[in-house]
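>>> Okay, structure incoming, though there's no sequence with it:
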């Protein structure tokens with residue numbers, strides 16, 4: 001069994017920063033890529049950022065590009081999301097996810113095999 005555990009969420013004022021962390025535990029596995037998604041109340045879960053380990057490539061949703069940075073450690077299946085210049089529209093539950101299979105459309109939820117339970121991020125105006 002593989003577990004992903006997120007941490008680092010909280011309440012922050014608009015313009016502030018937060019750093020989310022996600023660590024894998026349980027059965028050993030090697031992920032191909034990992035990502036962050038978020039879900040606001042009443043909305044679909046949406047892609048935020050992804051990192052492809054083999055090339056060190058990173059990918060972002062347009063809404064967070066230049067404000068958020070994804071990074072991590074492939075060997076530890078650990079991924080981080082540095083969030084700067086936060087806006088009230090960034091308020092959501094943030095989920096990390098890991099994929100074991102071949103590189104594919106990282107924006108799709110079904111590309112990922114494992115998911116964390118989520119961490120709440122609230123940005124006040």
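Noted; the coordinates are in hand. Because the structure is predicted, anything quoted here is derived from the model rather than measured.
>>> For the residue nearest the centre of the chain, give me its contacts.
What sits nearest the mean C-alpha location of the chain, by CA atoms, centre = their mean, is residue 36, with 1.9 Å. Residue 36 sits next to 20, 22, 48, 49, 50, 70, 79, 81, 94, 95, 96, 97 when contact means CB atoms under 8 Å, 6 or more residues apart in numbering. In short, each C-beta sits where N, CA and C put it, glycine included.
>>> Could you verify that residue 104 is part of a helix?
No. Read with DSSP: H, G, I helix; E, B strand; the rest coil, residue 104 is coil and lies in no helix.
>>> which residue packs closest to it, ignoring adjacent ones?
Excluding the flanking residues, the one nearest residue 104 by CB to CB, 6 or more residues apart in numbering is residue 111, at 5.0 Å.
>>> now do residue 10
Leaving aside its chain neighbours, residue 10 sits nearest to residue 18 (6.3 Å; criterion: CB to CB, 6+ apart).
>>> Quick one: residues contacting that neighbour.
Counting by CB under 8 Å, 6+ apart, residue 18 touches 8, 9, 10, 12, 83, 86, 121.
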